[in-house]
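Peer 1: let me see the structure of the following:
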Amino acid sequence: MYFLINCLGIIVFLAIGVLCSKKRKEIHWRSVGTLLVLNIFIAWFLTQFSIGREIVRGAAEGFAWLVSVAYDGIAFAFPDWVHVPQMNFFTSALLPILLVVPMFDILTYIGVLPFIIKWIGKVLAIISHEPKFESFFAIEMMFLGNTEALAVSSLQLREMRAERNLTLAMMSMSCVTAALIGVYTKMMPAEFILTAVPLNVVNALIVTNILHPVTVTEEEDTVARIGGANKEKEPFFSFLGNSILGAGRLILIIAANVIAFVALAALIDKLLVLIHPAITLENILGCIMFPFAWLMGLSTGEAFQFAQYMGTKLVTNEFVVMLNVGPILDTFSRHLQGTLTIFITSFANFSTLGMIIGCFKGMVDNSKNELISRNVLYMLLSGILVSLLSAGIAGLFIW
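Peer 2: Modelled structure (predicted):
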């Protein structure tokens, strides 16, 4: 029965997208169907086949090894913070970013990452019948993150129509950054984190195709060079220094957001309790999100628990939920562990809206900015639907 409800949930999530679509008659159903089959296959392959599980396990071990290497650097500066019985969140999850981010930046600098992104994007465009750049961008933001992918695509953004800029803004709500995957895998099950990454990429194309279908002519279907034309390469050590400083800023931003959001949520809870002891922020969010959680194929109790975390994630961010869930995750059923982990593995929340809008303001003209600003609800809906679809599709095979 729960499996059938899970199947129904996927249909409902797609139907919500169709009902909210700007141009239902222009939806590219061939692309949607192809991408949906591709995503079901990816989820099936990564969760059910031994080779798929080995790929996920190998990737997880690779990220674990990378984080362990980062601990060597942390131990040099703060020997009392590492290899202790209980490392804190700042040491175990955030400080490894100082290695992981520069590593990905170096791969971009020497051309390895752009080469991988380019060819995976081309293959995805051929399979999905989607425009080349949208497919390219989906892969690009999987490795680089949303604002970083937008930044290196500034030339393309300025050249393309405003409608396609909006498509990219909607897609940007659904990604994660490869540099943070190692952090996530220290907090939640690595197998589910790594399954979520490709599912989110493909679902971002599906959802934007349904919510905001755009027809791209053959003349428009081009990809500008990463970083813009005639951009002179920065000297390596200057580049590396900037990358390390950027990683440091990212750590402070994440830490500040987690502290502020947890404190604000606690403040709201204390004010709500003055009205009635049963009224809490988690309970309110749980009631709002309960129907969507139930459609994941969960029991009523698990669905309400899942709904609370769904709402918390959208209002705050994925780190807040991971910190809350991590210590009690072993008490959850495998299906709840999988669907919850995959749902929260994205940047889809209110604060991401501000980041994306701010990023576009610095790169494109006012008419494009105005279109994006008028469609913030569509951007948020896009991120939510991608997370729901990814969790629902993976949930078909996690029991």
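
Peer 1: give me the nearest residue to T341, chain neighbours excluded.
Peer 2: In this structure, T341 finds its nearest non-sequential neighbour in F192, 3.8 Å apart by Cβ to Cβ, 6 or more residues apart in numbering. In short, each C-beta sits where N, CA and C put it, glycine included.

Peer 1: can you tell me the helix or strand for that neighbour?
Peer 2: Element membership for F192 (DSSP states H and E) is helix 190-211.

Peer 1: so how many other residues sit close to the residue nearest to T341?
Peer 2: When neighbours are counted by other Cβ atoms under 10 Å, F192 registers 26.

Peer 1: surely it meets L336?
Peer 2: No - look at F192 against L336 with Cβ atoms under 8 Å: they stay out of range, at 10.9 Å.

Peer 1: spatially nearest residue to T34 (excluding sequence neighbours)?
Peer 2: Here the residue nearest T34, using Cβ to Cβ, 6+ apart, is S128, at 5.6 Å.

Peer 1: am I right that that neighbour is in contact with L38?
Peer 2: Yes - counting by Cβ under 8 Å, S128 touches L38, with 7.2 Å between them.

Peer 1: so what sits against both of these two?
Peer 2: Common neighbours of S128 and L38 are listed as V202 (criterion: Cβ atoms under 8 Å, 6 or more residues apart in numbering).

Peer 1: neighbour count: those two, which is higher?
Peer 2: When S128 and L38 are compared for neighbours, S128 comes out ahead with 22 against 18, by other Cβ under 10 Å.

Peer 1: for the more buried one, what are its contacts?
Peer 2: Applying Cβ under 8 Å, 6+ apart, the residues near S128 are 31, 34-35, 38, 135, 202, 205.

Peer 1: go on, F306?
Peer 2: 293, 296, 298, 336, 339-340, 343.

Peer 1: now for those residues: which two are most distant?
Peer 2: Using Cβ to Cβ, the two most remote members of the contacts of F306 are L298 and F343, lying 11.6 Å apart.

Peer 1: those two: who's more crowded?
Peer 2: Using other Cβ under 10 Å, the more surrounded residue of L298 and F343 is F343, with 31 against 25.

Peer 1: grab the nearest non-local neighbour of that one.
Peer 2: Nearest residue to F343, sequence neighbours excluded (Cβ to Cβ, 6+ apart): A391, at 4.1 Å.

Peer 1: my read: that neighbour touches T339, true?
Peer 2: Yes - A391 is within contact range of T339, at 4.3 Å (criterion: Cβ under 8 Å).
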